[in-house]
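[1] What follows is a protein structure lacking sequence information:
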């Protein structure tokens, strides 16, 4: 059974009703994509031998390409699948940063130091 | 296992091979006593290819996006809610003669 959820708004504004089950599933799917890509880009940065700021620049580059890929996956019509642009552009980037740094240092140590 | 999984595994294998190649490159550098600046060109190509394959897999494998609009075609609610007004618990069907050999006239 579909549960329609109101997503907020003032008393005078129209409250948009969205299919909350599907919205949750879409947001989870983005989260999985971003986490996996953070880990992979961490491993690549470690093997390549990035140190310092270059690694972070690489990470944000990969995240921008991932955002582009998600836009294509959503067929460029955000309103059909999400409630706001922030979902695919910004959310998950800073959470993935931690995973990126972890796997970056891990891979760098394994390949270049030991 | 779809094509996405295969691409992901392939990308992972390429990255693992690139890592192993870089470890061997370090061993070579230790022998020739040179400084490490960046991996050799073919290892970098392997890294980029592995990254591209994993990126494709990372975008294609998680669940497809489902429509969020309430009035779109695939979100139509086609079942009636459980409503007591439409449920009949005591009807005259039990007074009808029941014959187990009765077949529906088609």
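    Thanks, I have the structure now. Keep in mind it's a predicted model, so treat the numbers as computed, not measured. Residues are numbered from 1 along each chain as shown, chains lettered A, B, ... in the order given.
[2] and residue A:73, what is it in contact with?
    Counting by Cβ atoms under 8 Å, 6 or more residues apart in numbering or on different chains, residue A:73 touches B:59-60, B:65. Heads up, the C-betas are built off the backbone N, CA and C, glycines and all.
[3] go again using 6 Å as the cut-off
    residue B:59 (Cβ atoms under 6 Å, 6 or more residues apart in numbering or on different chains).
[4] Could you report the separation of residue B:54 from residue B:32?
    Per Cβ to Cβ, to the nearest Å, residue B:54 is found 32 Å from residue B:32.
[5] ditto for residue A:23
    Where residue B:32 is concerned, residue A:23 sits at a distance of 57 Å (Cβ to Cβ).
[6] out of the two, which sits in the more crowded spot?
    residue A:23 (20 against 6; other Cβ atoms under 10 Å in any protein chain shown).
[7] and residue A:17, backbone torsions?
    Main-chain dihedrals, residue A:17, degrees, to the nearest 10: phi -100, psi 120.
[8] In this structure it contacts residue B:71, no?
    No - using Cβ atoms under 6 Å, residue A:17 is not in contact with residue B:71, being 9.4 Å away.
[9] between the two, who's got more neighbours?
    Counted by other Cβ under 10 Å, residue A:17 and residue B:71 do not tie: residue A:17 has more neighbours, with 14 against 9.
[10] Enumerate the beta-bridge partners assigned to the more buried one.
    For residue A:17, the beta-bridge partners under DSSP bridges are residue A:6.
[11] Residue A:23 is in what secondary structure piece?
    Per DSSP states H and E: residue A:23 is located in helix A:20-48.
[12] Give me the helices and strands touching that helix, please.
    Here helix A:20-48 touches helix A:53-73, helix A:93-108, helix B:3-32, helix B:41-60, going by 3 or more Cβ pairs under 6 Å, 6 or more residues apart in numbering or on different chains; DSSP states H and E.
[13] Any stretches of chain A with poor pLDDT?
    For chain A, the stretches with pLDDT under 70 are A:1-15.
[14] Can you tell me which residues in chain B are near chain A?
    Neighbours of chain A within chain B, by Cβ under 6 Å from any Cβ of the partner chain: B:15, B:18-19, B:22-23, B:47, B:51, B:54, B:58-59, B:62-63, B:65-68, B:70, B:75, B:77.
[15] If any of the residues you listed are buried, give me the ChimeraX selection for them.
    A single ChimeraX command selects the buried members of those (16 or more other Cβ atoms under 10 Å in any protein chain shown):
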select /B:15,18,19,22,47,51,54,58,59,62,65,66,67,68,75
